[in-house]
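# Show me the folded form of this:
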Amino acid sequence: MSVAGKWKITMDTPIGTQRFTWDLSEAGGAWKGTMDSQGGVTQLGGIKVEGDSVAFDTTVNSPMGAIHLAFSGAVSGGKISGTCRTMFGDNQWSGERA
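Residues are numbered from 1 along each chain as shown. Here you go, the predicted structure:
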(Lines give C-alpha, C1' and ligand atoms only; values in the text may rest on other atoms or scores of the structure.)
Protein backbone atom coordinates (compact mmCIF):
# COMPACT_ATOMS: atom_id res chain seq x y z
CA MET A 1 0.00 0.00 0.00
CA SER A 2 1.26 3.46 -0.84
CA VAL A 3 2.46 5.86 1.83
CA ALA A 4 0.89 8.75 -0.11
CA GLY A 5 -1.94 10.57 1.64
CA LYS A 6 -2.77 12.11 4.99
CA TRP A 7 -1.85 10.32 8.21
CA LYS A 8 -2.86 11.06 11.81
CA ILE A 9 0.12 10.13 14.01
CA THR A 10 0.48 9.61 17.76
CA MET A 11 3.89 9.43 19.44
CA ASP A 12 4.58 8.91 23.15
CA THR A 13 7.56 10.97 24.32
CA PRO A 14 9.16 11.78 27.68
CA ILE A 15 7.21 15.08 27.66
CA GLY A 16 3.87 13.44 26.88
CA THR A 17 1.87 12.19 23.93
CA GLN A 18 2.40 14.18 20.74
CA ARG A 19 -0.18 14.22 17.95
CA PHE A 20 0.39 15.47 14.43
CA THR A 21 -0.68 14.99 10.81
CA TRP A 22 1.51 14.12 7.84
CA ASP A 23 0.55 14.86 4.25
CA LEU A 24 2.72 12.90 1.79
CA SER A 25 2.46 13.05 -1.99
CA GLU A 26 4.41 11.87 -5.03
CA ALA A 27 4.60 13.49 -8.45
CA GLY A 28 6.90 12.37 -11.22
CA GLY A 29 8.96 10.20 -8.89
CA ALA A 30 9.61 13.02 -6.41
CA TRP A 31 8.11 12.91 -2.92
CA LYS A 32 7.11 15.92 -0.86
CA GLY A 33 5.32 16.34 2.43
CA THR A 34 4.40 18.41 5.44
CA MET A 35 3.88 17.78 9.13
CA ASP A 36 1.22 19.76 11.02
CA SER A 37 1.95 19.71 14.77
CA GLN A 38 1.65 21.87 17.89
CA GLY A 39 4.73 23.76 16.64
CA GLY A 40 3.07 24.60 13.31
CA VAL A 41 3.51 23.23 9.80
CA THR A 42 6.99 22.06 8.76
CA GLN A 43 8.33 20.64 5.51
CA LEU A 44 9.48 17.02 5.40
CA GLY A 45 12.92 16.54 3.87
CA GLY A 46 14.93 13.65 2.49
CA ILE A 47 11.80 11.59 1.87
CA LYS A 48 12.70 8.03 0.83
CA VAL A 49 10.01 5.53 -0.10
CA GLU A 50 10.77 1.90 -0.93
CA GLY A 51 7.70 -0.32 -1.20
CA ASP A 52 5.78 0.04 2.06
CA SER A 53 8.75 1.65 3.90
CA VAL A 54 9.23 5.38 4.37
CA ALA A 55 11.85 7.61 5.98
CA PHE A 56 12.23 11.39 6.23
CA ASP A 57 13.26 14.16 8.60
CA THR A 58 12.03 17.53 9.76
CA THR A 59 12.85 20.19 12.35
CA VAL A 60 10.21 21.46 14.77
CA ASN A 61 10.23 24.44 17.09
CA SER A 62 9.75 23.80 20.79
CA PRO A 63 10.18 25.71 24.06
CA MET A 64 13.68 24.13 24.14
CA GLY A 65 14.50 25.43 20.64
CA ALA A 66 14.66 23.65 17.29
CA ILE A 67 14.54 19.84 17.47
CA HIS A 68 15.54 17.60 14.56
CA LEU A 69 13.31 14.53 14.07
CA ALA A 70 14.22 11.56 11.85
CA PHE A 71 11.27 9.25 11.15
CA SER A 72 11.34 5.74 9.68
CA GLY A 73 8.55 3.22 9.41
CA ALA A 74 6.26 1.14 7.25
CA VAL A 75 2.66 0.98 6.08
CA SER A 76 0.53 -2.09 6.71
CA GLY A 77 -3.00 -1.79 5.37
CA GLY A 78 -4.45 1.51 6.57
CA LYS A 79 -1.95 1.81 9.43
CA ILE A 80 1.61 3.09 9.69
CA SER A 81 4.18 2.76 12.49
CA GLY A 82 7.86 3.13 13.21
CA THR A 83 10.56 4.96 15.14
CA CYS A 84 11.47 8.64 15.50
CA ARG A 85 15.09 9.39 16.34
CA THR A 86 15.70 12.60 18.32
CA MET A 87 18.58 14.08 20.30
CA PHE A 88 16.72 12.82 23.41
CA GLY A 89 16.47 9.21 22.21
CA ASP A 90 14.16 7.11 20.07
CA ASN A 91 10.37 7.19 20.30
CA GLN A 92 7.82 4.77 18.82
CA TRP A 93 4.97 6.23 16.78
CA SER A 94 1.88 4.88 15.07
CA GLY A 95 -0.99 6.19 13.03
CA GLU A 96 -3.72 5.64 10.52
CA ARG A 97 -5.01 7.33 7.41
CA ALA A 98 -6.80 10.58 8.11
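# Which element, helix or strand, includes the residue nearest in space to the middle of the chain?
Centre of the chain computed as the mean C-alpha position; nearest residue by Cα atoms, centre = their mean is Phe71, 5.5 Å away. When secondary structure is defined using DSSP states H and E, the element that contains Phe71 is strand 65-76.
# Kindly report the same for Ser81.
strand 79-86.
# Give me the residues contacting that strand.
With Cβ atoms under 8 Å, 6 or more residues apart in numbering as the test, strand 79-86 has contacts from 3, 7, 9, 11, 54, 67-74, 90-96. C-beta: built from backbone N, CA, C; applies to glycine.
# before we move on, the earlier item: so what does the strand holding Phe71 touch, helix or strand wise?
With contacts defined as 3 or more Cβ pairs under 8 Å, 6 or more residues apart in numbering; DSSP states H and E, strand 65-76 has these neighbours: strand 53-62, strand 79-86.
# export those strands to TSV and tack on distance to Gly39?
Formatted as TSV, the helices and strands packed on strand 65-76 follow (distance: least, Cβ to Cβ, whole Å):
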stretch	distance to Gly39
strand 53-62	4
strand 79-86	13
